[in-house]
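A.B. asks: Output the structure for:
(6 chains)
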Number of protein chains: 4
Amino acid sequence: MDKKQKIIEATIDQFTTKGVENTKISDIVKAAGIAQGTFYLYFPSKFSVMPEIAKYAVEEIMKEIHASVNLHDAFDNKMEQLVKAVFRITEEKKELFAVLYAGLAQSEHLKQWESIYSPFYNWVYDLLEEAASKMEIRQNVNSARTSRILIGLIESTAEQLYLYDSPSQEEIDAQYDELIVFIKSALK
Amino acid sequence: MDKKQKIIEATIDQFTTKGVENTKISDIVKAAGIAQGTFYLYFPSKFSVMPEIAKYAVEEIMKEIHASVNLHDAFDNKMEQLVKAVFRITEEKKELFAVLYAGLAQSEHLKQWESIYSPFYNWVYDLLEEAASKMEIRQNVNSARTSRILIGLIESTAEQLYLYDSPSQEEIDAQYDELIVFIKSALK
Amino acid sequence: MDKKQKIIEATIDQFTTKGVENTKISDIVKAAGIAQGTFYLYFPSKFSVMPEIAKYAVEEIMKEIHASVNLHDAFDNKMEQLVKAVFRITEEKKELFAVLYAGLAQSEHLKQWESIYSPFYNWVYDLLEEAASKMEIRQNVNSARTSRILIGLIESTAEQLYLYDSPSQEEIDAQYDELIVFIKSALK
Amino acid sequence: MDKKQKIIEATIDQFTTKGVENTKISDIVKAAGIAQGTFYLYFPSKFSVMPEIAKYAVEEIMKEIHASVNLHDAFDNKMEQLVKAVFRITEEKKELFAVLYAGLAQSEHLKQWESIYSPFYNWVYDLLEEAASKMEIRQNVNSARTSRILIGLIESTAEQLYLYDSPSQEEIDAQYDELIVFIKSALK
DNA sequence: CATGAATGAGCTTTCATTCAT
DNA sequence: CATGAATGAAAGCTCATTCAT
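C.D. replies: Residues are numbered from 1 along each chain as shown, chains lettered A, B, ... in the order given. Next comes the predicted model:
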C-alpha cells in the first residue's frame, strides 16, 4: 500500500488521539508501520501533513453533504438537510476538527485553507444562487458573501455544541431548531 | 511588581509575537524579567497560562463593547455597534485571538472556555431579552440560544476577514453590511 | 519542640519512605513543619543528617538488646537472645537499615560509622570476655576480632532474610536455628 | 564496538571513580565515547545499569574463586583458599563493591540480586554438599542455608577490613586467621 | 526507495541555596 | 532564630534529523 497514504492516515489517527503537539514523528511512523527515516521521504515535518488532513476533512464534509442533501428539494428543506449534515459530521469527527482549528490558527497554512475549503464555499454559493433565481430567498443576498457568513454560522454553532459543551440531545435539538429559524428568517 | 501578572503579560507578548510553539519558557522569563525557576512557582507549563490569556481577551472584548455600544439606542443601532466593536477588537488583537483559537481546540481547557466567555454571552443575552420585551425583535427568539448563535456568527465572520483572508477595506465594509442585513433579517 | 530533633525525625521518615536520593530538602521541611531556610540552620545538606540517623539506629539496636538479653543467663542463652534481638530489630526497621547501608557505602561518613557502632562492638566484646573467663567458649577466641566477625555474621544473615528475600516464617526459623548451631559450634 | 557494553564499562569506571551520585549521564557518555541520546537507547537511567554491574562483579568473584581454589584439595584447604579469594577480590575491587552495596539497598533491584548472586551461592552449596558426603564437616549442616550464612560471614568480614576500616596488614592477617578458625570450628 | 541506530542541540524542569523581611 | 519567595546553575531527557547500509 502507498506509504504516503499510510503516513497521512497514521497522522490523522495520532493527531486526533493525542493532539498535534503531543504527537512525535516516532509515534506516526510506529502507527504507520514504516521506518523513522521513511517519513522524511514524503513530508518535511509533522505540520506539513496538515494540508492533507484538511483536504481529507473537507472531502468528508462534502461526502456527508452530497449524501444528505436532495438537490431537488425546496431551499428551506435543503438548508435543513445541510445544517443536519454539518452537525452530524462535526459530531462524528469532532477530534479531527479540533485538530484542524488548532492547526489553522497556526500561521503559515492559513492561505491554503482558503483553497482547500473552496468546494464547500462553492457548493453553498450555488445553493444560494439557485434559490435567489427561484425567488426562494430575498433578492439582495450576495451569494459569495453570504455563503461565508452561513458556513461560519453553521459551523460555529456545531462547534459550540460538540467541541466545547457536551449538552443533552434535547438541548442540541433545540439549538438546531433555533438555528434553522434564525437562518430562514435571515434569508427571507 | 506582581510576578504572576508579569508572567501573564510577558506570555501574551511572546505568544502573539512568535507563536505558542515557538515560545520557550526562557523567552517568557526573559521578557518578564524574572528567573527561570520563578515561572514554575506560578504555572506548571506555558500552556497553563492560556486560561489567563483567555480571561484577558474576554476582558478586552467587553471593554470594547462597553465603550462602543450605547445602551439607550434602538436595538438595530446597538447591534450595528456590537458588530463594529467585535470587528474592531478582532482586527486590533488578531494575533491574540489566533493564539486563543489554536490553544482552545487543545483539549483540556475547552471546559473552562465556557465560563470565561460567559460575560460576553450574558451581555448579548440581556440585549436580546430587552429587545424582545420592547418588541424590537421577533417574539419566538430564545435569548440564551440565540446569544450563542449570534456571537458565533459575528466572530466567525470577523475571523474569516481578519485572520484568514486579508481583504480590502471595501470588501470588509461590504461583508459588514451583508452581515448586518443578515442579522437584522434573522431577528425580525 | 526542638527543631533539630524534628528535622532528624522527618528525615528518617522521608528517607525510609521514599529513599535517600528521592528525598528533597523540601520534603523534609514539609514533613518537619518548618520553613525551607530553617533546615540550613542545623544541617548543611541532607547527607549530613546520616550520622544522626546512624546514632538513632544503633540506639534502637542497643535498646532491643538490653531489653531482650538477660545478662545472668548462660552464654549460649545470651547468644540466642542476641540473635533474636538482631533479627527482630532488622525486621522492624528494615527500611532504616537499608537507608543506612546505602548511605554508609557512600564515602565520607565511613569513618564515623566505626565510632557510632562502637557501643554494639563493645557490648559483644564484653560478652565474649566474660564467657571466656567463665570457660563457656574456646580459649583462643580473640574477643575484639570475634566481636566484629560475630556482628557481621548475625547482621548479614538478618539482612539476607529481611531485606533481600521475603521468605516464609518457617524458613526464617530454620535459618535462625542453622545460624545458632553455626555460632555455638564456632565458639566451642 | 557494542555500545551497550561500552556504556556498562564506562559506568563502572565512573561509578567507582567518583561515586554513583556524583556521576552524571554526561560523564558516562563522555567516557564511553558515545552521544548523550545513545545512552537512553539502552538504559532509562544511570541506576538501571546497576544490575549489569552486579553481574560483572559476581563474574569477577567467580573468576577469582575458580582461579584460586583447587577443587581436589581437602575441605579445610579449600575453605582457606575461598576466604583468601574473597579477601583478595574485595581489596582489589573495593570501590566496585562499595558502589554495589550502596546501589543494592536502593529498593527496586533487591529481588534481582538474589538471582545475580546465585552462581556464588551454588558454588558454596556444592562445596558443602561434597564435604558433607566426605564427612569433612558435621553432618547436620544444611548446605543451602549454611552457604548463605558462610558467604555473608566472609563478605561482611572482608568489607569491614577493606571498605570501612583501613587496618595494617598484620591486623588483616590476624583477622583472617581468626575467621578461618571460626569457620572451621563452626563446621566441625 | 527504505531502513533504524545514532546523534546532539536544545529544551524543560528541578531543587539546593540564599537573603530580605 | 525563623521564614519562604526567589533564584539560576545544573542536569535530565527528548526527539527531529541524518546517513551508512
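
A.B. asks: Could you check the pLDDT of residue A:116?
C.D. replies: Residue A:116 is assigned a predicted lDDT (pLDDT) of 87.

A.B. asks: Leaving out the residues flanking it, which one is nearest to it?
C.D. replies: Counting by C-beta to C-beta, 6 or more residues apart in numbering or on different chains, residue A:116 lies nearest to residue A:54, which is 4.8 Å off, once chain neighbours are set aside. Using the backbone N, CA and C atoms, a C-beta is placed for each residue, glycine as well.

A.B. asks: what does residue A:172 give?
C.D. replies: In space, and not counting its chain neighbours, residue A:172 is closest to residue A:161: 5.6 Å by C-beta to C-beta, 6+ apart.

A.B. asks: these two touch, right, the one you found and residue A:167?
C.D. replies: Yes: under the criterion of C-beta atoms under 8 Å, residue A:161 makes contact with residue A:167 at 6.1 Å.

A.B. asks: on that earlier part again, so how many other residues sit close to the residue nearest to residue A:172?
C.D. replies: When neighbours are counted by other C-beta atoms under 10 Å in any protein chain shown, residue A:161 registers 21.

A.B. asks: residues contacting it?
C.D. replies: Residue A:161 makes contacts with A:87, A:90, A:167, A:171, A:172, A:175, as judged by C-beta atoms under 8 Å, 6 or more residues apart in numbering or on different chains.

A.B. asks: follow-up on the earlier one: residues in contact with the residue nearest to residue A:116?
C.D. replies: Contacts for residue A:54 were tallied using C-beta under 8 Å, 6+ apart; they are A:100, A:103, A:104, A:109, A:112, A:113, A:116, A:117.

A.B. asks: Please name every helix or strand in contact with the one helix or strand in chain A whose mean pLDDT sits lowest.
C.D. replies: Least confident helix or strand, chain A: helix A:94-104 with a mean of 86, by mean pLDDT, DSSP states H and E. Helix A:94-104 sits against helix A:3-18, helix A:50-68, helix B:94-104, with contacts defined as 3 or more C-beta pairs under 8 Å, 6 or more residues apart in numbering or on different chains; DSSP states H and E.

A.B. asks: Same list (those) but as JSON lines, adding distance to DNA strand F.
C.D. replies: Listed next are these as JSON lines, based on distance: least, C-beta to the nearest atom of the strand, whole Å:
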{"stretch": "helix A:3-18", "distance to DNA strand F": "11"}
{"stretch": "helix A:50-68", "distance to DNA strand F": "14"}
{"stretch": "helix B:94-104", "distance to DNA strand F": "18"}
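
A.B. asks: so which of these gets nearest residue A:37?
C.D. replies: Residue A:37 lies closest to helix A:3-18 among the helices and strands packed on helix A:94-104, at 11.7 Å (C-beta to C-beta).

A.B. asks: for that closest one, the distance to its chain's centre please.
C.D. replies: With C-alpha atoms, centre = their mean, to the nearest Å as the basis, helix A:3-18 stands 18 Å off its chain's centre.

A.B. asks: What's the per-residue pLDDT of the residue of chain A at minimum distance from chain C here?
C.D. replies: Chain A approaches chain C most closely through residue A:22 (26.7 Å), counting by C-beta to the nearest C-beta. If you check residue A:22, the pLDDT there is 89.

A.B. asks: Quickly note the distance from it to residue A:15.
C.D. replies: Applying C-beta to C-beta, to the nearest Å, the value for residue A:22 to residue A:15 is 9 Å.

A.B. asks: which of those two has more neighbours?
C.D. replies: In this view residue A:22 and residue A:15 are compared by other C-beta under 10 Å, and residue A:15 has more residues nearby, 26 against 12.

A.B. asks: how many neighbours does residue A:166 have?
C.D. replies: Count around residue A:166 with other C-beta under 10 Å applied: 11.

A.B. asks: Next, the angle from the host helix or strand of residue A:130 to helix A:94-104.
C.D. replies: Using DSSP states H and E, residue A:130 falls within helix A:110-133. Angle of helix A:110-133 versus helix A:94-104, following axes from the mean of the first three to the mean of the last three C-alpha atoms, to 10 degrees, is 120 degrees.

A.B. asks: got the contact list for helix A:110-133?
C.D. replies: Outside helix A:110-133, the residues touching it (C-beta under 8 Å, 6+ apart) are A:51, A:54-55, A:58, A:61-62, A:65, A:75, A:78-79, A:82, A:104, A:137, A:139, A:141, A:143-144, A:146-148, A:150-151, A:187, B:163-165.

A.B. asks: List only those of those flagged as buried.
C.D. replies: Neighbour counting with 16 or more other C-beta atoms under 10 Å in any protein chain shown marks A:51, A:54-55, A:58, A:61, A:65, A:75, A:78-79, A:82, A:104, A:137, A:141, A:143-144, A:146-148, A:150-151, A:187, B:163-165 as buried within these.

A.B. asks: And the residue nearest to residue A:116, how far from residue A:103?
C.D. replies: Here the distance between residue A:54 and residue A:103 works out to 8 Å (C-beta to C-beta).

A.B. asks: do residue A:44 as well
C.D. replies: Distance from residue A:44 to residue A:103, by C-beta to C-beta: 16 Å.

A.B. asks: Near DNA strand F, which residues of chain A? Just list them.
C.D. replies: Listed as neighbours of DNA strand F in chain A under the rule C-beta under 7 Å from any atom of the strand: A:24, A:25, A:26, A:36, A:37, A:39, A:40, A:44, A:45, A:46.

A.B. asks: What is the burial count for the second one?
C.D. replies: Spelled out, it's residue A:25. 15.

A.B. asks: if I pick the closest residue to residue A:34 other than its chain neighbours, what's in contact with it?
C.D. replies: Once flanking residues are discounted, residue A:34 sits nearest to residue A:3: 5.9 Å by C-beta to C-beta, 6+ apart. Neighbour list for residue A:3: A:32, A:34, A:38, A:41, A:42 [criterion: C-beta under 8 Å, 6+ apart].
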